[in-house]
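**Q** Pasting the sequence and the predicted coordinates here, then a few questions.
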Amino acid sequence: MQKMMFKNLRKRYVLPAVAAGMFFIGTSFKDDFFEIAKQIEIFTTLFKTVNQNYVDEVNPAELMDKAIKSMLADLDPYTNYFNEQDVVKFKINNTGEYTGIGAMIARKEDKLIIKEPYKGYPADKAGLKAGDAIVQIGDVLLADFKDDASQLLKGAKNTKVEVKYIRQGKTLSTTIVLDEVEINAVPYFGMVDAKTGYIVLSAFNRKTTTETKEALEKLKAQGAERIILDLRGNPGGLLNEAVNVCGLFVPKGETIVTTKSKNEKYNATYKTTREPVDLTIPLAIIVDGKSASASEIVSGGLQDLDRAVIIGSRSFGKGLVQRPLDMTYGTQVKVTISRYYTPSGRCIQALDYAHKGKDGKAVKADKFNAFKTKKGRTVYDGGGIQPDIEMAETKTSTIAEVLQKNDAIFNFATDYYYRHPNQGATVPTITDADYADFKAYLKKEKISFDTETELALKATLEKAKKENVDESIKTQYEALYAALQKSEEALLDKNQKEIKRLLLDELIRRYQYKEGLYQYYVKNNAEIARATQLLANPSEYQKILQ
């Protein structure tokens, strides 16, 4: 009898759910079948009712896309729904290959901004520069195109795409010939000095281990007796690639990471499966606040095994594992399936998405548990990977974060580039006069810092206006805002050295591409200099690891 009822329920509830593209619940479906089936029926009925009765025409696909993504956003930032177009982009990130223009781009209002053209790729060959704002692709005006405009710049190899763009107030046009674009996981490697090799690892895609191994072997052939692995700004990627990178430096069969989940099938232990390249070469790894996920598996795993000294600032703190699951009609859902733990047993997840504060944001870990590395050193969980050697230069101040987020540094660099067109291969120098120009530029362009304090102050004034609060509040607001701006200007002065460094980085990319920036880093970067100094001092290196 119960089986018959279950079959009837399944026919009644599951089939509409599949039709709605919502059947991706997983094992919890078995645990609470009736409640889930009930909620799916409510949603399906609501979706149908709104589509049939709303006063204007609605786009069912767009409505569903937003509904699903909003629902998942309440869980954590990493559990995501991918429609058919999203799936293509997701696969590009994992393989590192696609056909397109070869540039980092960003949508801003009714334009596509070229953030960084890759040297020798289609956008670069067509003469596009960082800061160019594409306003038309073929016959399509971006002001009238609300979908993902980057898809208009993809297609078959050798396809010609006509674009119009704005540069320094002038509208220009060019033809881009699409080509295969290969995103290297290791965009640069080279020798810092006669005995120190340097490898930049910027992503964990399917080619990461191969490229890292190739770089390591070439550097050893050039005389490298110690290695610096730079993971700054690396957001992570494929877990198995992180394990394999560790396997270049530790014995075969070494446990690097374990995953634990409420779903037993996702519980796993990941061990190195290949013969190492070098078990004894001294190794320093540089991380920062943007080193996350797979980057933290590598840095945390090799730290726990006492195989590397970590230098820089505390990493991001992402101890969650996602897996893409295929669904109907070419869609996918990327689900957080487990937490991962480094060899010492620590989970470095910084935010608890299961518990939200009064502001609705995930609670940040403030109590850390101690664990022991293989040789007995103390390390901690809960807040990313804490470096063995912390450096203030690696940390980003709040004011610098804001200046990067609102494109103030990027836009000033664009302006500077066209005022100094003949810089060529010479590394620019950011003088005090240049910095004064930068501060003047911020005022001239009325660039808002939009710090949390500034945003809260603006929100208070808007609320006061709606509630018809006495006009005197406007005077008080303006006084507070003026005081805040003075405080922000003081922060610009206080963090001048850091901001100058960020301006210089952006300008080197303009004149010499990303390759030029890495070449500059090898000779001038404080973290690389400290890592080089450490590796050249065996007693200090061993003292840290003991």
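**A** Looks like it arrived, so ask away.
**Q** use CA for all of it now, contacts and neighbours both
**A** Noted.
**Q** Pretty sure Tyr541 sits in a helix.
**A** Yes: applying DSSP: H, G, I helix; E, B strand; the rest coil, one finds Tyr541 inside a helix.
**Q** Check the contact between it and Ala531; I expect there is one.
**A** No: using Cα atoms under 8 Å, Tyr541 and Ala531 do not qualify as a contacting pair, with a distance of 9.8 Å.
**Q** neighbour count winner among those two?
**A** Neighbours per residue, other Cα atoms under 10 Å: of Tyr541 and Ala531, the larger number sits with Ala531, 25 against 19.
**Q** And the pLDDT for Ile101?
**A** Among the per-residue scores, Ile101 holds a pLDDT of 94.
**Q** for His420, same thing?
**A** As predicted, His420 sits at a pLDDT of 91.
**Q** can you map out the helices along the stretch 301-450 of the chain?
**A** 398-405, 408-419, 432-444 (DSSP state H, counting those that start in this stretch).
**Q** any chance of the ones you listed in a markdown table, with mean neighbour count and distance to Thr269 too?
**A** Formatted as a markdown table, these follow (neighbours: other Cα atoms under 10 Å; distance: least, Cα to Cα, whole Å):
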| stretch | mean neighbour count | distance to Thr269 |
| --- | --- | --- |
| helix 398-405 | 17 | 37 |
| helix 408-419 | 18 | 43 |
| helix 432-444 | 14 | 51 |
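**Q** Now distance to Thr259 too, for the ones you listed, in TSV please.
**A** Formatted as TSV, the entries for the helices of the stretch 301-450 of the chain read as follows, by distance: least, Cα to Cα, whole Å:
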stretch	distance to Thr259
helix 398-405	32
helix 408-419	39
helix 432-444	47
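**Q** Now Ala483: which helix or strand?
**A** Ala483 is part of helix 472-494 when elements are defined by DSSP states H and E.
**Q** which neighbours does the lengthiest strand in the chain have in its sheet, and in what orientation?
**A** Secondary structure of the chain read by DSSP state E shows that its longest strand is strand 332-341. According to DSSP bridges, the neighbouring strands of strand 332-341, each with its direction, are strand 80-82 (antiparallel), strand 255-260 (antiparallel), strand 320-326 (antiparallel).
**Q** Run the chain-centre distance for the second one.
**A** Put plainly, it is strand 255-260. Strand 255-260 has its C-alpha centroid displaced from the chain centroid by 23 Å (Cα atoms, centre = their mean, to the nearest Å).
**Q** I'd like the next helix or strand past it.
**A** Read in the C-terminal direction, the helix or strand following strand 255-260 is strand 268-271, with elements assigned using DSSP H and E.
**Q** So which bits of that following strand are buried?
**A** Along strand 268-271, these residues count as buried under the neighbour rule (16 or more other Cα atoms under 10 Å): 270-271.
**Q** Give the rounded mean pLDDT of it.
**A** Along strand 268-271, the predicted confidence averages to a pLDDT of 97.
**Q** Out of the strands paired with strand 332-341, which gets nearest to Leu238?
**A** strand 320-326 (9.4 Å; Cα to Cα).
**Q** For the closest one, output the C-alpha coordinates as CSV.
**A** Backbone C-alpha positions of strand 320-326 (Å, rounded to 0.1, in the frame of the first residue of the first chain) are rendered in CSV as follows:
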residue,chain,number,x,y,z
LEU,A,320,34.7,24.0,0.4
VAL,A,321,34.6,21.6,-2.5
GLN,A,322,32.2,22.0,-5.5
ARG,A,323,31.2,19.5,-8.1
PRO,A,324,29.4,20.3,-11.4
LEU,A,325,26.4,18.0,-11.9
ASP,A,326,24.7,17.7,-15.3
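**Q** Any regions of the protein where pLDDT drops low?
**A** Counting by pLDDT under 70, the chain contains low-confidence residues at 1-31, 88-98, 451, 465-472.
**Q** Counting residues, which helix of it comes out longest?
**A** Once the chain is assigned using DSSP state H, the helix that runs over the most residues is helix 496-524.
**Q** Okay, buried residues for that helix please.
**A** Neighbour-count burial for helix 496-524 flags 498-500, 502-519, 521-522 (criterion: 16+ other Cα under 10 Å).
**Q** for stretch 122-141, same thing?
**A** 122-125, 128-137, 141.
**Q** Ok, stretch 375-383 next?
**A** Taking 16+ other Cα under 10 Å as the criterion, stretch 375-383 shows 377, 379-383 as buried.
**Q** Kindly report the same for stretch 54-66.
**A** Taking 16+ other Cα under 10 Å as the neighbour-count basis, stretch 54-66 is seen to contain no buried residue.
**Q** Run the chain-centre distance for it.
**A** In terms of Cα atoms, centre = their mean, the centre of stretch 54-66 is set 30 Å apart from its chain centre.
**Q** Any chance you could list what contacts that stretch?
**A** Contacts of stretch 54-66 from elsewhere in the structure, counted by Cα atoms under 8 Å, 6 or more residues apart in numbering, are 51, 83.
**Q** Can you give me the end-to-end span of that stretch?
**A** Start to finish, the residues bounding stretch 54-66 are 17 Å apart (Cα to Cα, to the nearest Å).
**Q** For Tyr513, give me its contacts.
**A** Under the criterion of Cα under 8 Å, 6+ apart, the contact partners of Tyr513 comprise 118-119.
**Q** need the strands for the stretch 1-150 of the chain, in chain order.
**A** Listed in chain order, the strands of the stretch 1-150 of the chain (DSSP state E, counting those that start in this stretch) span residues 80-82, 97-100, 103-108, 111-117, 133-137, 140-141.
**Q** closest to Leu325 out of those?
**A** Each of the strands of the stretch 1-150 of the chain was checked against Leu325 via Cα to Cα, and the shortest separation belongs to strand 80-82, namely 9.7 Å.
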